[in-house]
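Chemist: Build me a structure from this.
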Amino acid sequence: MNLFDKQDFEILLKRIKNFSETSEKQWGTLTHAQMLAHCTEVLKISQHDYKKQFLIGKLFGKRFLKSILNEEHKIKKNIKSSKKLFVENPQSFKEEKEASMSIFQKFFDKGEKFYDGRLHPIFGHLTSQQWNDITYKHLHHHLAQFSS
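Modeler: Numbering: from 1, shown residues only. Okay, here's the model as predicted:
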């Protein structure tokens with residue numbers, strides 16, 4: 001899936017649009033609104049202009065990235081992530097959904113060239129293909145978490 005391709009982007013955007021408060025949760029403790037808020041926080045990473053890589057990323061980032069980008073790799077259910085990427089008290093479901101769609105649209109609008117060589121605070125400098133792949137895998141994981 002190439003999120004920089006309009007057709008592929010629209011397919012994933014449609015999954016977000018179709019996500020509802022009645023979508024059945026398959027695993028985890030996040031509410032529907034918390035999941036959307038979390039996805040928005042993760043997408044914000046792609047828009048932030050980081051000047052340097054975090055120490056944990058310098059130590060382990062490339063190893064984590066290699067594992068995530070492995071074609072057979074699926075993000076494990078109930079995996080822990082930075083608490084900074086989770087929102088305990090999100091806005092309303094509707095507001096969180098709008099925020100997620102908005103930042104996902106910004107991801108697409110920036111275009112492939114914007115991401116080529118862009119610094120991720122954990123994984124280091126990534127190609128646009130790597131940004132595409134980690135973004136898709138993360139969004140797909142959480143939409144599947146809620147049968148969407």
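Chemist: what about the host helix or strand of residue 109, average pLDDT?
Modeler: Under DSSP states H and E, the secondary-structure element containing residue 109 is helix 93-110. When the per-residue pLDDT values of helix 93-110 are averaged, the result is 97.
Chemist: Quick one: list the elements packing against that helix.
Modeler: Counting by 3 or more Cβ pairs under 8 Å, 6 or more residues apart in numbering; DSSP states H and E, the packing neighbours recorded for helix 93-110 are helix 6-18, helix 32-47. In short, each C-beta sits where N, CA and C put it, glycine included.
Chemist: Most tightly packed of the ones you listed?
Modeler: With neighbours defined by mean count of other Cβ atoms under 10 Å, none of the helices and strands packed on helix 93-110 is more surrounded on average than helix 32-47, at a mean of 20.
Chemist: C-terminal to it, what's the next element?
Modeler: Using DSSP H and E, the helix or strand that follows helix 32-47 in sequence is helix 55-69.
Chemist: Buried residues, that following helix. List them.
Modeler: Of the residues in helix 55-69, 57, 61, 65, 68 count as buried by neighbour count, 16 or more other Cβ atoms under 10 Å.
Chemist: returning to what we had before: and the helix holding residue 109, which residues are buried?
Modeler: Applying a neighbour-count criterion of 16+ other Cβ under 10 Å, the buried positions in helix 93-110 are 93, 96-97, 99-101, 103-104, 107-108, 110.
Chemist: now those residues as JSON lines including distance to residue 26?
Modeler: Written out in JSON lines, the entries for these read as follows (distance: Cβ to Cβ, whole Å):
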{"residue": "93", "distance to residue 26": "18"}
{"residue": "96", "distance to residue 26": "19"}
{"residue": "97", "distance to residue 26": "19"}
{"residue": "99", "distance to residue 26": "23"}
{"residue": "100", "distance to residue 26": "19"}
{"residue": "101", "distance to residue 26": "22"}
{"residue": "103", "distance to residue 26": "24"}
{"residue": "104", "distance to residue 26": "21"}
{"residue": "107", "distance to residue 26": "25"}
{"residue": "108", "distance to residue 26": "27"}
{"residue": "110", "distance to residue 26": "31"}
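Chemist: Cool, thanks, signing off.
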